[in-house]
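Asker: A predicted structure for the sequence below; I have some questions about it.
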Amino acid sequence: MALVEYLTAELSGISDTAQVVTRVPDPRPARMVRVIRNDRKARLDVEDREGRRGAHLALDRPRLVLECTDDAGFAHELAANVRALVTAAAPGYIGEVWCDDVDDAGGENDMDPETDAPRYTIVVDLIVRGKILA
């Protein structure tokens, strides 16, 4: 996933040791960002209300959930860095994908069920350029 590679490189560039993953590995890293695509998380806009995307058929809008955890208790700092890096990615390329914009759909904090460490969840929509398949 291009966003995993992007975040890994950008976090490394600011000397952050967090692992960026799509699945939690075993053993679980002490500091980690898990990237999940979840288009079913409600957007509460015309797309959800009326079931249409509008006139911009060349665009896709994947909804991503970014779970930031740190067993040492610094998940809030990791989440702030991740939010800033993702927001700064647009407009521009994330890997080979052009990203026109990033819509920050909010976040929440809770506890990681396995470690009881704070976990911060960021939800973003990436407005990306689609490809014609026909």
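Answerer: Cool, got the structure.

Asker: From here on, just use CA atoms for contacts and neighbour counts.
Answerer: Noted.

Asker: now residue 103: how far from residue 61?
Answerer: 9 Å (Cα to Cα, to the nearest Å).

Asker: who's more crowded, the two?
Answerer: Neighbours were counted for residue 103 and for residue 61 using other Cα atoms under 10 Å; residue 61 has more, 18 against 15.

Asker: give me every residue that touches the closest residue to residue 119 other than its chain neighbours.
Answerer: Spatial nearest neighbour of residue 119, chain neighbours left out: residue 69 (4.8 Å); criterion: Cα to Cα, 6 or more residues apart in numbering. The contact partners of residue 69, taken as Cα atoms under 8 Å, 6 or more residues apart in numbering, are 30, 31, 32, 33, 75, 78, 112, 117, 118, 119, 120.

Asker: who touches both of residue 103 and residue 61?
Answerer: By Cα under 8 Å, 6+ apart, the residues touching both residue 103 and residue 61 are 125, 126, 127.
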